[in-house]
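[1] just to be clear, the model below is a prediction. Sequence and coordinates:
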Amino acid sequence: YAEILKLMRWLVEEIGFDGFRYDFVKGYGANTITAIQEYRYMRNGSPFIPYGVAEYWDSATNTLNWVNDANFSNSNPVDAFDFPLRELLKSMCDQYGFSLKSLVNGDSILRAQPQSTVTFVENHDLRDEGRPVTNDKLLAYSYILTHEGYPCVFWKDYFNYNLALKDSPNGIDALVQAHETHAAGSTNVLHLEDNLYIMQRTGAGNQRGLIYVLNNSGDDWHGQWVSTKWTNASFRPVAWWGKNDISRPSDQSTGPDGRGQFFAPARGYAVYAPKI
């Protein structure tokens, strides 16, 4: 334990690590991670608290049991990768006829305890095991980058596989900007059916929130009237994509009752932000 903590102190204080990914945490005691997370690090003369995320590859229930055990008396709680959600996202992208009700209501850490989850679409293990998401991966990224949790973008998806699509509203880069600028507050489901899902993030601080539309139908644009938290408000699309149509969605507005109509292209998504 002493040598491990010496190493971690060196990595944080002298090398400049900001946090740690704990691999295969089933293989050792949670108290090891608690000790690393709680160590009193100093950087440039000031206390420094590192971030931590654990790889516990299991069901949401078993993962949360481990998370709660590791964080029971931990002053610097550790998060966990949401493997159950990732499997739902893969099914949405790769299986014909997948119901969005299963995505929203299925077993996941995000659904049960969003403050503890790191959401992701791809990682090195799943890629190397031959289980990558193979179709319409931007649908999955649109979900994790608009919802609660701590989203994680896979390096190769962004840089090597050209899903960033910088300087356009159609890729990961625009979704990251939408996340950083608008995705705050609680998540409220406004509409849910097999092929259409609409939710709002209520906003917090300088982030005013957003409306997210996910359309899993394969034939046409699809939308619905929903009741939002915003009255007499105007909305502009800040990120969008469709499998066969990437044309810009129209601006939308809500009336004095907060109701408005929001659309997304076939097999695609749209993220709307309230205009200031």
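    Nice, thanks for sending it over.
[2] looking at this protein, which helix or strand is least sure?
    Here the helix or strand of the chain ranked lowest by mean pLDDT, DSSP states H and E is helix 124-128, holding a mean of 87.
[3] next secondary structure after that helix?
    Remark: after helix 124-128, the chain's next helix or strand is helix 137-144, criterion DSSP states H and E.
[4] so which elements touch that following helix?
    Secondary-structure packing of helix 137-144 (3 or more CB pairs under 8 Å, 6 or more residues apart in numbering; DSSP states H and E): helix 83-94, helix 172-182, strand 210-215, strand 234-242, strand 268-274. Backbone N, C-alpha and C define where each C-beta goes, glycine included.
[5] now the helix or strand following that helix: how far from the chain's centre is it?
    Per DSSP H and E, the first helix or strand lying C-terminal to helix 137-144 is helix 155. With CA atoms, centre = their mean, to the nearest Å as the basis, helix 155 stands 15 Å off its chain's centre.
[6] with stretch 34-41 instead?
    Worked out by CA atoms, centre = their mean, stretch 34-41 lies 26 Å from the chain centre.
[7] cool, stretch 42-61 as well?
    Distance of stretch 42-61 from the chain centroid (CA atoms, centre = their mean) equals 18 Å.
[8] and it, what's its mean pLDDT?
    Averaged over stretch 42-61, pLDDT sits at 97.
[9] ok, back up a step: which one of the helices and strands packed on helix 137-144 lies closest to residue 250?
    strand 234-242 (8.0 Å; CB to CB).
[10] now the host helix or strand of residue 6: buried residues?
    Residue 6 is part of helix 2-10 when elements are defined by DSSP H and E. Using 16 or more other CB atoms under 10 Å as the test for burial, helix 2-10 gives residue 8.
[11] dump it to CSV, restricted to CA.
    Only the C-alpha atoms of helix 2-10 are listed here, as CSV (Å, rounded to 0.1, in the frame of the first residue of the first chain):
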residue,chain,number,x,y,z
ALA,A,2,2.8,2.4,0.9
GLU,A,3,4.5,1.9,-2.5
ILE,A,4,1.3,2.3,-4.4
LEU,A,5,0.5,5.6,-2.7
LYS,A,6,4.0,6.8,-3.3
LEU,A,7,3.6,6.1,-7.0
MET,A,8,0.2,7.8,-7.1
ARG,A,9,1.6,10.9,-5.3
TRP,A,10,4.4,11.1,-7.8
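[12] what's in contact with it?
    Here helix 2-10 makes contact (CB atoms under 8 Å, 6 or more residues apart in numbering) with 20, 32, 35-36, 39, 41.
[13] cool, and stretch 196-210?
    So stretch 196-210 is contacted by 100, 103-104, 146-148, 178, 181-192, 211-217, 222-224, 226, 228-229, 238, 262, 271-274, 276 (CB under 8 Å, 6+ apart).
[14] then stretch 24-44?
    With contacts defined as CB under 8 Å, 6+ apart, stretch 24-44 is touched by 1, 4-5, 8-9, 12-13, 16, 20, 22, 47-50, 52, 54-58, 66, 69-71, 73-78.
[15] what about that stretch, how long is it end to end?
    Length of stretch 24-44, first residue to last, CA to CA, to the nearest Å: 32 Å.
[16] thanks a lot, catch you later.
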